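K.L.:
sequence first, predicted coordinates after that:
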Amino acid sequence: MAEKTRAGQVVINVPGEETLNGSKQSSQDSVNKASPESAAVTTGLAKSVPVSSASPETPKFGASPNKPPRAPTAAEPPIRRRSLRGKKGKKSKTTTFIDMGKVHKLKREKVSAWHMKVLADAIMNSRLATVSNAFDEYNFDEGAEQAKEITNEEEARYIANETFYHVAAHNSNHNRNYIDEDDLLRFMIREEVEMVFPLFEGSLSSGRIDKKSFTNWVIKVYNDRKTLAHGLNDTKTAVKQLDKLVTVVLIIATVIIWLLLVEIATTKVLLVLSSQLVVATFMFGNTCKTIFEAIIFVFVMHPFDVGDRCVVDGVPMLVEEMNILTTVFLKLDNEKVYYPNSVLATKPISNYYRSPDMGDTIEFSIDFMTPVELIGKLREEIKMHLESNPVWHPHHLVVVKEIENVNKIKMALYCNHTMNFQDYREKNRRRTELVIELKRIFEKLGIRYNLLPQHVNFNQVHKERPDATYPTT
């Protein structure tokens, strides 16, 4: 029987005097057999909460707080035992403790086979159901606040800032504004660091993670988690609706089969039921067809999930809610649009979320008299900007589309984002910054476009002269 004690420890009650691996050797004998590797691992662990024991070496449970607890030995495992005696001094059972604080701080690459065997035997032999709650509820840092779930983007931004400063500012350097590889190696192994770095914007080229990219990543993780939760909730709702529909059909079929088996339903009764079924088919045939098409669309085709940004009929919209019969979309101005799933099944749908890194096009015109050398410098400036900016892929193309009326040259810049258009606001922000950069390059190189001389016709307008008054004689 497992129960939790203070400080997040898990208590395992094992009958008799058997140790965690099934033998009758004492806990001290197990410690003496510890390998040097396991001793090095446990040396770096934090102090564990003292647990009472019948042996004289361990302080009693609930001892005076003025008396300092016994420091863990070098080869001490994250598991302890406590013997409880009856009224006559006989041993009744042995209680085993797993110090979740020490388990949590064990590093993956330094865990010995002996540690793994002891932990596995403790969980298997003690009928311990789960230890996940101990990790969630245990407060590993003394005096730290209890962990809570992030509920909005402001909390995600605050947590990102706090985490960044705690990771970046260590040792004697408290003014750093970036996280490098050495900082991450304090918490992860090198293989994990190599997997983490590409997740942050601009970290691969610079080898550092700045505060802005770290904050954006935390907010993105929060939004993805929220979208996943909404998607799972809507999927459960759709499955429940389908379950109710199938249950009704099965009940009707079961009743008919039961009537046939007990010979209550005769041929005349079946004839009456079939005639009524024909009438029901005439009335609800189209509804049944719509429901069937909607089920195929939601569970078989499944072109999008909740939170995906899609384009339907040329309009970009966000999937808000999915049901069996309808899907709710949100436009860019938060206008809700309800589409029947049977109608969506007949329309082409573009899904931004499931798309890879997407491209963009910027068209512009320059004067026909612009020198070719100046156009070459324009291409070099655009190339330098895209290669130095991590939000754009370096591969791009500057093309001349056409020459119009021997007056202007129409050109276009084809470039690729390092993201898809799921975050439409971020996409528009990046495009705006690129257009402003093109304007700066045009001003730097003196490239402009002038209109041709225009023909202007001036027509003289004669005002009617007012009637003159002549003196009469």
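P.N.:
Alright, I've got the coordinates. The shown structure was predicted, so the numbers you read here are calculated from the model rather than taken from an experiment.
K.L.:
which parts of the strand or helix carrying residue 378 are buried?
P.N.:
Using DSSP states H and E, residue 378 falls within helix 372-388. Neighbour-count burial for helix 372-388, counted by 16 or more other C-beta atoms under 10 Å, picks out 375, 378, 381, 382, 385, 386. The C-beta positions use only the backbone N, C-alpha and C, and glycine is treated the same way.
K.L.:
show me what that helix is packed up against.
P.N.:
strand 392-404, helix 424-445 (3 or more C-beta pairs under 8 Å, 6 or more residues apart in numbering; DSSP states H and E).
K.L.:
now do the longest one: everything it contacts.
P.N.:
Right, the one you point to is helix 424-445. Helix 424-445 is contacted from outside by 309, 316, 332, 352, 360, 362, 364, 374, 377-378, 381-382, 385, 391-392, 413, 415, 417, 419, 421, 447-448, using C-beta atoms under 8 Å, 6 or more residues apart in numbering.
K.L.:
now do stretch 212-222
P.N.:
By C-beta under 8 Å, 6+ apart, the surrounding residues in contact with stretch 212-222 are 150, 153, 156-157, 159-161, 163-164, 179, 199-203.
K.L.:
which ones among those lie within strands?
P.N.:
residue 179 (DSSP state E).
K.L.:
out of the contacts of stretch 212-222, which two sit at the greatest distance?
P.N.:
Within the contacts of stretch 212-222, 150 and 202 form the most distant pair, 24.1 Å apart (C-beta to C-beta).
K.L.:
burial measure for residue 431, as a count.
P.N.:
Neighbouring residues of residue 431 were enumerated by other C-beta atoms under 10 Å; the total is 15.
K.L.:
over to residue 297?
P.N.:
22.
K.L.:
circling back: please pick the buried ones from the contacts of stretch 212-222.
P.N.:
Buried among those by 16+ other C-beta under 10 Å: 150, 156, 157, 159, 160, 164, 179, 200, 201, 203.
K.L.:
now pLDDT and distance to residue 216 too, for those residues, in TSV please.
P.N.:
Shown next, in TSV, are the buried ones among the contacts of stretch 212-222 (pLDDT from 0 to 100; distance: C-beta to C-beta, whole Å):
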residue	pLDDT	distance to residue 216
150	79	15
156	85	10
157	85	10
159	86	13
160	85	8
164	84	12
179	84	14
200	82	8
201	75	7
203	72	12
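K.L.:
just the closest of those to residue 400, please.
P.N.:
Using C-beta to C-beta, those come closest to residue 400 at residue 201, 32.4 Å.
K.L.:
for the closest residue to the closest one other than its chain neighbours, what is the enclosing helix or strand?
P.N.:
Leaving aside its chain neighbours, residue 201 sits nearest to residue 213 (4.3 Å; criterion: C-beta to C-beta, 6 or more residues apart in numbering). In the assignment (DSSP H and E), residue 213 maps to helix 211-261.
K.L.:
what comes into contact with the helix holding residue 378?
P.N.:
With contact meaning C-beta under 8 Å, 6+ apart, helix 372-388 is reached by 366, 392-394, 396, 398, 413, 415, 434, 437-438, 441-442, 444-447.
K.L.:
ditto for stretch 278-292
P.N.:
Residues outside stretch 278-292 that contact it (C-beta under 8 Å, 6+ apart): 245, 324, 325, 340, 342.
K.L.:
strands - which of those land there?
P.N.:
Taking DSSP E as the definition of strands, the contacts of stretch 278-292 contribute residue 340.
K.L.:
any chance of the contacts of stretch 278-292 in a markdown table with distance to residue 252 and neighbour count as columns?
P.N.:
Converted to a markdown table, those look like this (distance: C-beta to C-beta, whole Å; neighbours: other C-beta atoms under 10 Å):
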| residue | distance to residue 252 | neighbour count |
| --- | --- | --- |
| 245 | 11 | 13 |
| 324 | 19 | 20 |
| 325 | 21 | 18 |
| 340 | 26 | 14 |
| 342 | 24 | 19 |
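K.L.:
most widely separated two among the contacts of stretch 278-292?
P.N.:
Checked with C-beta to C-beta, these reach their widest spread between 245 and 340, with 16.6 Å between them.
K.L.:
what ranges do the helices span in the chain?
P.N.:
27-32, 36-43, 100-104, 113-125, 132-137, 153-168, 181-185, 190-196, 203-206, 211-261, 267-296, 341-344, 372-388, 424-445 (DSSP state H).
K.L.:
number of nearby residues for residue 287?
P.N.:
10.
K.L.:
return the residues in contact with the nearest residue to residue 396 once chain neighbours are set aside.
P.N.:
Distances taken as C-beta to C-beta, 6+ apart put residue 415 closest to residue 396, at 4.4 Å, once the chain neighbours are dropped. By C-beta under 8 Å, 6+ apart, the residues touching residue 415 are 359, 360, 362, 386, 392, 393, 396, 397, 434.
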